[in-house]
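[1] Pasting a predicted model and its sequence here:
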2 protein chains.
Amino acid sequence: MATAEVLPERKVYRVHREKQLCRILESAERLFDERGIDRVTMAEIVSAAGLRPSTLYQYFSSKDDIVWALVRQTMERSALRIQSTVEKAHGLALDRISALMEGLTEQLVKWPEEVRFMAQFDALYARDWSAERLLSPEAELFPDGFTHLTTLIHEGIADGSLRADLDPQISMHAALNAAVATQRRLASLGSRVEAEYGQPVERLFREATRVILQGLSAQ
Amino acid sequence: MATAEVLPERKVYRVHREKQLCRILESAERLFDERGIDRVTMAEIVSAAGLRPSTLYQYFSSKDDIVWALVRQTMERSALRIQSTVEKAHGLALDRISALMEGLTEQLVKWPEEVRFMAQFDALYARDWSAERLLSPEAELFPDGFTHLTTLIHEGIADGSLRADLDPQISMHAALNAAVATQRRLASLGSRVEAEYGQPVERLFREATRVILQGLSAQ
DNA sequence: TTCAAATTCGAATGAATAGTACGAATTTCA
DNA sequence: TGAAATTCGTACTATTCATTCGAATTTGAA
């Protein structure tokens, strides 16, 4: 009692645990995408991951735990990918916004399951997620905070690439939100879109971002 | 066997049944919005409607039945409301599109729970809905079919209100889809949007539609 | 008021489900 | 090789769920 106890320094097989964690998350992600988050049971995840129930509970204490881990992972991944796309872009503000849209397109085409998962998150979890738990997707995209977006508008007006009548406080938020919303809805509807509109998802999304960019552009 | 049996002409207390049906659907709608479709149990719907389980099953054979009835009802209602908004609009194609966007705004502001419900539908049910079961939201809006949208672009280019470089085959689909997607995502995120962007949902949505319209507009 | 049929109720059933507990077997890695 | 970390196997509890069935109640027409 007199001296602080040294923490047990519990030994752990880190690489092994990391791999198991991955197995579980991958299985869960696939199942969530195939059947919807709320319809997937722990037992299914267990057997998809090739484990026993008691083992799974060594890693996650509930399905919600798994969901949140996946959300975090997915957001981080997609933020990194899109950031790297955007970083390559220089020049006019409009071009940088265009690069951002291109990043969203790439994600939609290459990792539609991720986008679908985030769409489920939007519709089901976003409303009662606690702020501490997670940054918003946009915040994840722009670590400097939303001032970055506001600045972008200012720069664009200054360099003549964006319309002068845009409102720095909200235009960029609105445009980005519209793009993300469109991306996620198209991912969710998937082949149904193609059947009804007779156009591939990618084409429709590109056209949507083109319209949005056109709406921001100076001429 | 020789003669066809006359159908029993089963007697039914129509007005009573209609009222009960309403009770059930209203209770279910509220619960679905509060807690998410897949997390609501039959027992909850039952008690929210003030019935016994066995009574509910006289009206709906499963939760899916209830969901689909609600989807149909919600789509019909919103399509009617928006149609009436659009019908009042005349003149340039751009103005008619603008009226459509205004209709979406009104719906978002006045009946956000309906929009949230449809957002859940998009994310969870849309992928495996059978075409016979339901028209798409856009098809519901435009009974004449999608040719209407294509025509609208043609007219807009002709009357000089829309950009000449739009693609009649997809521009309008893309714009409408973007607007609907934005509307549903904003409804889902709700107060979270306001907390993070510091702007009311309505303001953000109006700005998004403004950008989209600007992107379609000739100058 | 009466009566048959429509509707509701009460109670019960069986199936899934989440989550736990613990000792034995297996794997990891120093 | 050996100690410890991890998994397995199994069994168990308790809950929640959807659904059914026959009895009771209510309805509306005569």
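    All right, it came through fine. Residues are numbered from 1 along each chain as shown, chains lettered A, B, ... in the order given.
[2] Residue A:74 - how many residues pack around it?
    The local packing of residue A:74 (other Cβ atoms under 10 Å in any protein chain shown) involves 20 other residues. No exception for glycine: its C-beta is placed from N, CA and C like everyone else's.
[3] Let's verify residue A:194: helix, strand, or coil?
    Local secondary structure at residue A:194 is given as helix here, using DSSP: H, G, I helix; E, B strand; the rest coil.
[4] so how far is residue B:196 from residue A:147?
    With distances defined as Cβ to Cβ, to the nearest Å, the gap from residue A:147 to residue B:196 amounts to 13 Å.
[5] Can you pull the residues of chain A lying near DNA strand C?
    Along chain A, the residues adjacent to DNA strand C under the rule Cβ under 7 Å from any atom of the strand are A:13, A:15, A:16, A:41, A:42, A:43, A:53, A:54, A:57, A:61, A:62, A:63.
[6] Among those residues, which are located in helices?
    Here DSSP state H is the test, and the residues of chain A next to DNA strand C give A:15, A:16, A:42, A:43, A:53, A:54, A:63 as lying in helices.
[7] measure the first one to residue A:55 for me?
    When distances are taken as Cβ to Cβ, residue A:15 and residue A:55 turn out to be 17 Å apart.
[8] neighbour count winner among these two?
    Shown here are residue A:15 and residue A:55; by other Cβ under 10 Å, residue A:55 has more neighbours (13 against 8).
[9] tell me the contacts of the more buried one?
    The contact partners of residue A:55, by Cβ atoms under 8 Å, 6 or more residues apart in numbering or on different chains, come to residue A:46.
[10] Outline the domain layout of chain A.
    The record's domain parsing of chain A by automatic domain parsing lists A:12-61, A:68-216.
[11] Quick check: residues of chain A near DNA strand D?
    Counting by Cβ under 7 Å from any atom of the strand, the residues of chain A near DNA strand D are A:10-13, A:16-17, A:20, A:50-55, A:58-59.
[12] Which of those residues sits closest to DNA strand C?
    The nearest member of those to DNA strand C, counting by Cβ to the nearest atom of the strand, is residue A:54 at 3.5 Å.
[13] what about the closest one, how many residues close to it?
    Residue A:54: 8 surrounding residues under other Cβ under 10 Å.
[14] Counting by contacts, list what the helix or strand that residue A:210 is a member of packs against.
    Counting by DSSP states H and E, the element that carries residue A:210 is helix A:201-216. Helix A:201-216 makes packing contacts with helix A:93-110, helix A:171-189, helix A:191-197, helix B:171-189, helix B:201-216 when contacts are defined by 3 or more Cβ pairs under 8 Å, 6 or more residues apart in numbering or on different chains; DSSP states H and E.
[15] Mean pLDDT lowest where, among these?
    Across the helices and strands packed on helix A:201-216, the stretch with the lowest average pLDDT is helix A:191-197; it has a mean of 84.
[16] Any regions of chain A where pLDDT drops low?
    Regions of chain A meeting the criterion pLDDT under 70 cover residues A:1-10, A:130-138, A:141, A:143, A:145.
[17] Kindly check the end-to-end length of stretch A:39-57 for me.
    End-to-end distance of stretch A:39-57 (Cα to Cα, to the nearest Å): 19 Å.
[18] before we move on, the earlier item: quick one, the helix holding residue A:210 and helix B:171-189 angle?
    90 degrees (axes from the mean of the first three to the mean of the last three Cα atoms, to 10 degrees).
[19] Now helix A:201-216: buried residues?
    A:201, A:203-216 (16 or more other Cβ atoms under 10 Å in any protein chain shown).
[20] re the thing from before, and the helices and strands packed on helix A:201-216 as a markdown table, adding distance to residue A:79?
    As requested, those are arranged in a markdown table below (distance: least, Cβ to Cβ, whole Å):
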| stretch | distance to residue A:79 |
| --- | --- |
| helix A:93-110 | 10 |
| helix A:171-189 | 12 |
| helix A:191-197 | 25 |
| helix B:171-189 | 18 |
| helix B:201-216 | 21 |
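[21] Excluding residues flanking it in the chain, which one is nearest the most centrally placed residue in chain A?
    Geometric centre of chain A, nearest residue: residue A:75, 3.9 Å, by Cα atoms, centre = their mean. Among residues not flanking residue A:75 along the chain, residue A:140 sits closest, at 5.0 Å (Cβ to Cβ, 6 or more residues apart in numbering or on different chains).
[22] who's in contact with the one you found?
    Residue A:140 touches A:75, A:76, A:79, counting by Cβ under 8 Å, 6+ apart.
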